[in-house]
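Visitor: Return a 3D structure for these sequence lines:
(2 chains)
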Protein chains: 2
Amino acid sequence: MNLSKNSLNSQRFFSRFKASFIPNGIERRLSYTPYRILSSSYNTKATAIDCEADKLTYEVPFTSVSYPYYKRDPKFKKITPEDIHYFKSILPPEGVLVADGVQITEDDLTPYNQDWFKSYRGKSQVILKPYTTKQVSNIMRYCNTERLAIVPQGGNTGAVGGGVPIFDEIIVNTSNLNRIRKFDSLAGVILCDSGCVLEHLDNYLAERGYIVPLDLGSKGSCQIGGNVSTNAGGIRLLRYGALHENVLGLEAVLADGTIIDGLSTLRKDNTGYDVKQLFIGSEGTLGIVTGVSLLTPKRPKAVNVALVGLESYENVQSAFLRAKEDLSEVLSAFEFWDARSMYYGKALGSKKFRVPFEREYPFYVLVETSGSNSDHDSEKLGHLLEGLLEDNFVKDGVVAQDRTQYTNLWSIRESLGEACGAPVPIYKYDISLPVPVLYNIVEDLRQRLIECGMLGPHGPVSDVVGFGHIGDGNVHLTVFAKEFSPKVKSLIEPYVYEWTSQYQGSIAAEHGLGIKNSEYIGYSKTPAMVNMMRKIKRMLDPSGILNPYKVFHDISESQPTQQ
Amino acid sequence: MNLSKNSLNSQRFFSRFKASFIPNGIERRLSYTPYRILSSSYNTKATAIDCEADKLTYEVPFTSVSYPYYKRDPKFKKITPEDIHYFKSILPPEGVLVADGVQITEDDLTPYNQDWFKSYRGKSQVILKPYTTKQVSNIMRYCNTERLAIVPQGGNTGAVGGGVPIFDEIIVNTSNLNRIRKFDSLAGVILCDSGCVLEHLDNYLAERGYIVPLDLGSKGSCQIGGNVSTNAGGIRLLRYGALHENVLGLEAVLADGTIIDGLSTLRKDNTGYDVKQLFIGSEGTLGIVTGVSLLTPKRPKAVNVALVGLESYENVQSAFLRAKEDLSEVLSAFEFWDARSMYYGKALGSKKFRVPFEREYPFYVLVETSGSNSDHDSEKLGHLLEGLLEDNFVKDGVVAQDRTQYTNLWSIRESLGEACGAPVPIYKYDISLPVPVLYNIVEDLRQRLIECGMLGPHGPVSDVVGFGHIGDGNVHLTVFAKEFSPKVKSLIEPYVYEWTSQYQGSIAAEHGLGIKNSEYIGYSKTPAMVNMMRKIKRMLDPSGILNPYKVFHDISESQPTQQ
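Guide: As a prediction, this is how the structure comes out:
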């Protein structure tokens, strides 16, 4: 963890930054907001955090300890030497990892047993890493017969614990399913194994003039199969649409080993129910995705990015409406964050960045365009920024002029997500709401914690911040604390869920339910819908071996829910 | 039916047309292809058709006669006076139409019993037209208990008989569910009843600066609930995406009367399985859609349309690749047709149009852009057309300069679909294929019928033509005949399905399965997928009352399939 707070005062960098950062076409319009050196007063409004993250040694608690009301379902068999023997008979030696205390220790399995955010930790003793769909099918058929519970796992970058076991579930990791099977450059359709890493896919497509219609902070690790299984949203959903649209076909293996071969590469196919949709976002509870057919757009020839500072959330909304109007088809990102988020991004994220403004603003918006004509897009963006400045919706703004500046501006945004993965006590909520009330939840929760004496220099809570995708009505509500405390948690939950439900929001916008949110599904879905989901689960996985305890694990028998 | 063949020779119109049709910005580039008067030699290549459509009196045969291997399932009760009494107790008088031979005759029910294309005709004696979701729920619960079969019906514009009964199924028509419930102009989300007519919705949105992300030839009659239930594709899918993306939420009533309230207006919601997806494209066999929440884009400020003539299908493909490259985000339609299609559009469609080219070309492409900046889009389109002409991919081209010309160009395309609805013997196939082989199916079938002596001046087949959406890999393969003949049909089917299957195409790209294609699902879906669909059907509609005989009615018991 690289703390780069001290580098904020580097004048040299910002002088250079300033010189090159004013674009030709924009200079006139933005000239009355010159980019001066970031003042040393930046950060004064944010509450100091009390940890030095890079010095922490942080042991992730077992999920079965932090969620004591989850009990191992006794219907699942404990793994036996015969089971291991079977797996070794169908997979090559490197495809079966078993903690035997000799060649492989439990520590060796830790990267599979705990999640990227270091919030969840299971106790699996067996990791299977198949190379083919047929091997996955054999694994599933065997486990179904033997009643062995399974957790499908991709890049293990999920945010809600959906990709790691709670107890001794066998992990079926898709990393070895990593072949690109075919690319059709006329139609722009790629067909690949589910274990392909998102960034690798994108690099492959970049060489051919295409782009993956999905971009996530975790792209260097996450896998397309995991993206599909969690219906990942990310940054450019606004421009390229959701996976429910862009996934043209899927190959998936059901709990009983049946291979569902639906790897269509067609954009239109109305021959019966679109069953592939069920696997998109079902978090590995209905099947293991082994192959994906994806519609890929032409790679934009021109990408522009601007950062603006705004005085209020009302202005963020006005700017968004204006951006939809002026940028329309080339608007590819409209990300916002509050000043407090940025402070934590700087303090806890690994990305180095510079904020190219003289003073601090309560809100920041990053606007990106992706289009086919650089001049046209620059003109559209310039027109937007000019209008926003003239109408006083934004107070200051910069447009990146080269790759370095582009990366710098995006690094600010990316650091916010990184901060949420820091090994410090954080309560994270991934909420969808109607845009007009999107930031109210941050303010209301902050006020609540202040009024209860929890937030402040002497309270256990450092800050409540919000950032996210305005274009998708999605805020990442984040509470930075000095310690985890039941008292604090009881003030946040179910308050946040109730607040969200009141405005017909989603308590899991893009991260999914996993372990974290499974008991709260009722805040966003009616009993009739949940009942329909349960029926689907029972129909496709009658023994319940696929990713048990996730999505809607019924914990009511072991302990009353917190609702 | 308005036959406008004679007006093709009108010189006056084309003189005027020519004068105004050359755009300022495009004139220079296109000046070496001046728009001259349409020559009288146009049409000479097409085979004359042997009917005068407007003089035909055409009685639609009963589906039970034309598909004799469909047998009424005896598990369904025949409707009784007590059933009518119940329906009258829960609906206002005008909501229950029963053929009593006095006030209401069977002829009065014909518009509900037969489809728009006049291909299918059922014998329902009862039409129910509920006004509320609760009424739909009551109807369903009653029919489920009483084992009364039901056909959900919207605007009745389907192409495969999915929206009309075969026997005495009760028709539940959604025309009275026609309220716009809410529109959020910040998010661009409309929430409405399923019976809202597509064009009405679009007019409503136009006044507010938004657009329905769907456009169909039948927009004046079709309903959004029917669009959703059939996963309608249409012209602008290329630009705005499919309904699996744009439908944010649904309200649907299951066979047992359960109301699934999933009317989310959120763009992102990963709380459990996306069950609404099952209702999109399931053709009313899993539930009746009663409410829809739809993401609507900003209405484009600039729409340009060009028509070009091309010498070969290879050139159509090259032009498509170039259009994706040059127009990228503003490309909103890329429609193609062959010269023979256009002849039938002119002869059998009701739309009047003029072809602004001097000579006939084997292929035509209509390119449309929809964007936010007229100058930018015109420049992009001009650049594309200039390049296509220079590289000899297209031979001639025009760009519409005003609404009249825009409408004229689109009328050509729309007339092609209309021709397929003419009351003459037509075999229609709605096929998805990889773009490189998309037109091969037309040529191969044409050749096959010629070789068998079926196509020609003395054969029963007049022509085999193809038109459709290149951007979606979707061709409407159409065989115009002089009479329906078992011999001809046996030469076309299952040949067309086998051909499609061989290239992993879809035998029902956007029209669905309905009655027409239900027995052929196996050509596009594996047994495992069909089995999964059947399980879903049984799970949600165990009594099978919802739109029986459709999608995958198993007719093998009554008669061997034609496969």
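
Visitor: so who does the residue of the stretch 101-250 of chain A found nearest chain B touch?
Guide: Nearest residue of the stretch 101-250 of chain A to chain B: residue A:245, at 3.4 Å (CB to the nearest CB). For the C-beta atoms, the positions are set from N, CA and C on the backbone; glycine is no exception. Residues in contact with residue A:245, defined by CB atoms under 8 Å, 6 or more residues apart in numbering or on different chains, are A:295, B:241-242, B:244-245.

Visitor: Of those, which belong to strands?
Guide: residue A:295 (DSSP state E).

Visitor: Mind telling me the two of the contacts of residue A:245 farthest from one another?
Guide: Comparing every pair within the contacts of residue A:245 by CB to CB identifies A:295 and B:244 as the most remote, at 11.7 Å.

Visitor: Give me the neighbour count for residue A:534.
Guide: By the criterion of other CB atoms under 10 Å in any protein chain shown, residue A:534 has 15 neighbours.

Visitor: ok, now residue A:72?
Guide: 16.

Visitor: what about it, distance to residue A:476?
Guide: 32 Å (CB to CB, to the nearest Å).

Visitor: Nearest residue to the residue of the stretch 101-250 of chain A closest to chain B in space, please, no chain neighbours.
Guide: residue B:245 (3.4 Å; CB to CB, 6 or more residues apart in numbering or on different chains).

Visitor: Let me know the pLDDT of the one you found.
Guide: pLDDT, residue B:245: 93.

Visitor: got it, and residue A:144?
Guide: The model reports residue A:144 with a pLDDT of 98.

Visitor: Helix or strand: which one has it?
Guide: Per DSSP states H and E, residue A:144 falls inside helix A:133-146.

Visitor: hang on, residue A:466 in a strand?
Guide: Yes. Using DSSP: H, G, I helix; E, B strand; the rest coil, the assignment for residue A:466 is a strand.

Visitor: what pairs with it across the strands?
Guide: residue A:477 (DSSP bridges).

Visitor: Quick check: residue A:517 touching residue B:271?
Guide: Yes. Counting by CB atoms under 8 Å, residue A:517 touches residue B:271, with 7.2 Å between them.

Visitor: overlap in contacts of these two?
Guide: Joint contacts of residue A:517 and residue B:271 (CB under 8 Å, 6+ apart) are A:507-508.

Visitor: Sketch out the helices for the stretch 401-550 of chain A, chain order is fine.
Guide: Under the criterion DSSP state H, counting those that start in this stretch, helices of the stretch 401-550 of chain A are mapped to A:403-419, A:440-451, A:486-492, A:495-502, A:527-540.

Visitor: now, of those, which is deepest in the fold?
Guide: Highest mean neighbour count of these: helix A:403-419, a mean of 20 (counted as mean count of other CB atoms under 10 Å in any protein chain shown).

Visitor: where does chain A have low pLDDT?
Guide: A:1-58, A:554-563 (pLDDT under 70).

Visitor: change it to 50
Guide: Applying pLDDT under 50 to chain A flags the ranges A:1-56, A:555-563.

Visitor: before we move on, back to that, helices and strands around whatever helix or strand comes next after the helix holding residue A:144, which ones?
Guide: Downstream of helix A:133-146, the first helix or strand assigned by DSSP H and E is strand A:150-153. Where contact means 3 or more CB pairs under 8 Å, 6 or more residues apart in numbering or on different chains; DSSP states H and E, strand A:150-153 is packed against helix A:133-146, strand A:170-173, strand A:288-295.

Visitor: Who are the packing partners of the second one?
Guide: Yep, that's strand A:170-173 we're talking about. Partner elements for strand A:170-173 (3+ CB pairs under 8 Å, 6+ apart): helix A:106-113, strand A:126-128, helix A:133-146, strand A:150-153.

Visitor: Of all the ones you listed, which one comes closest to residue A:97?
Guide: Closest among the helices and strands packed on strand A:170-173, using CB to CB: strand A:126-128, at 4.0 Å.

Visitor: and the closest one, what does it pack onto?
Guide: Using 3+ CB pairs under 8 Å, 6+ apart, strand A:126-128 sits against helix A:81-90, strand A:96-98, strand A:170-173.

Visitor: Pick the most buried one from the ones you listed.
Guide: strand A:170-173 (a mean of 23).

Visitor: in its sheet, what does that one sit against?
Guide: Under the rule (DSSP bridges), strand A:170-173 has strand A:126-128 (parallel), strand A:150-153 (parallel) as partners.

Visitor: Just put the ones you listed in CSV and tack on distance to residue B:202 and mean neighbour count.
Guide: Below are the strands paired with strand A:170-173 laid out as CSV (distance: least, CB to CB, whole Å; neighbours: other CB atoms under 10 Å in any protein chain shown):
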stretch, distance to residue B:202, mean neighbour count
strand A:126-128, 52, 23
strand A:150-153, 42, 28
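
Visitor: would you turn these into TSV with distance to residue A:463?
Guide: Formatted as TSV, the strands paired with strand A:170-173 follow (distance: least, CB to CB, whole Å):
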stretch	distance to residue A:463
strand A:126-128	38
strand A:150-153	33
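
Visitor: what about residue A:66, neighbour count?
Guide: Residue A:66, neighbours per other CB under 10 Å, totals 14.

Visitor: Report the separation between it and chain B.
Guide: 22 Å (CB to the nearest CB, to the nearest Å).

Visitor: how far away is that residue from residue A:489?
Guide: Residue A:66 is 11 Å from residue A:489, by CB to CB.

Visitor: Then residue A:472?
Guide: For residue A:472, the distance to residue A:489 - CB to CB - is 27 Å.

Visitor: List the contacts of the closest residue to residue A:446 other than its chain neighbours.
Guide: Beyond its immediate neighbours in the sequence, the residue positioned closest to residue A:446 (CB to CB, 6+ apart) is residue A:464, lying 4.0 Å away. Counting by CB under 8 Å, 6+ apart, residue A:464 makes contact with A:340, A:442, A:445-446, A:449, A:455, A:477-480.

Visitor: Walking through the stretch 101-250 of chain A, point out its helices one by one.
Guide: Using DSSP H, counting those that start in this stretch, helices in the stretch 101-250 of chain A cover A:106-113, A:133-146, A:198-206, A:224-229, A:237-240, A:243-246.

Visitor: What parts of the stretch 101-250 of chain A come near chain B?
Guide: A:184, A:186-188, A:209, A:230-231, A:233, A:237, A:241-242, A:244-245 (CB under 8 Å from any CB of the partner chain).

Visitor: For PyMOL, write a command that selects the buried ones of the residues you listed.
Guide: With 16 or more other CB atoms under 10 Å in any protein chain shown as the criterion, this PyMOL line picks the buried residues out of these:
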select buried, chain A and resi 184+187+188+230+231+233+237+241+242+244+245
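
Visitor: The residues of the stretch 101-250 of chain A next to chain B: which two are farthest apart?
Guide: A:186 and A:230 (30.3 Å).

Visitor: List the buried residues of stretch A:113-129.
Guide: So for stretch A:113-129, counting by 16+ other CB under 10 Å, buried means A:113-117, A:119-129.

Visitor: my bad, stretch A:359-374
Guide: A:360-373.

Visitor: and chain B, which of those residues contact it?
Guide: Within these, those near chain B by CB under 8 Å from any CB are A:370-373.

Visitor: Residue A:271 - that's part of a strand, no?
Guide: No. Per three-state DSSP, residue A:271 lies outside any strand segment and is coil.

Visitor: For it, which non-adjacent residue is closest in space?
Guide: Nearest one to residue A:271, counting by CB to CB, 6+ apart, is residue B:524 at 4.1 Å.
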